[in-house]
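[1] Structure, please.
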Amino acid sequence: MARVLALVPDLLFGSRVQAALENAGHIVELVAEPGHVADRLRDQPHVAVLVVDLTSDELDGAALVRSLSGSGALGGIRTLGFFSHVDTATRERAEHAGFDMVVPRSRMAREGADLLARLVGQAPPAVR
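    Numbers count the residues shown, from 1 in each chain. Below you'll find the predicted structure:
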């Protein structure tokens, strides 16, 4: 079981992600505003994974993770981002920003719990 903070402005997809992860035994908090992420990470010191919606026009997930990482706010928190499969530029930006795992949105929908399990395991993920 892991504590997860999920930045997903799309409430319908966010609910889907939350349900899948909670069904796998994880504790999930959804956040719709990027400005609340640093506060939540500070207030909940046991967050293991930050999930970020990279498809949203409302936020720059790559810049957010780069900033959080640079400020030390992420500490040992693993990061999982999901993007539109046709938007390879977003995937590359996220990878360069330091995301631990970046997957297409469809894969997040299908395999979210398994992906999270890989992230909270001992070995870093082998596939991006």
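[2] tell me which residues of the helix ranked longest in the chain are tucked away?
    The longest helix of the chain (DSSP state H) is helix 105-120. Of the residues in helix 105-120, those buried under the neighbour-count criterion (16 or more other C-beta atoms under 10 Å) are 105, 108, 112, 115-116, 118-119. (C-beta placed from N, C-alpha, C; glycine too.)
[3] got a markdown table for those, with pLDDT too?
    Formatted as a markdown table, the buried residues of helix 105-120 follow (pLDDT from 0 to 100):
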| residue | pLDDT |
| --- | --- |
| Arg105 | 94 |
| Met108 | 95 |
| Gly112 | 92 |
| Leu115 | 94 |
| Leu116 | 94 |
| Arg118 | 91 |
| Leu119 | 91 |
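[4] Make CSV out of the residues you listed and add distance to Phe82.
    Listed next are the buried residues of helix 105-120 as CSV, based on distance: C-beta to C-beta, whole Å:
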residue, distance to Phe82
Arg105, 5
Met108, 4
Gly112, 8
Leu115, 9
Leu116, 12
Arg118, 14
Leu119, 13
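[5] Which strands or helices does the longest helix of the chain pack on?
    Packing partners of helix 105-120 (3 or more C-beta pairs under 8 Å, 6 or more residues apart in numbering; DSSP states H and E): helix 11-23, strand 47-53, strand 78-83, strand 101-104.
[6] Kind regards, and thank you for your time.
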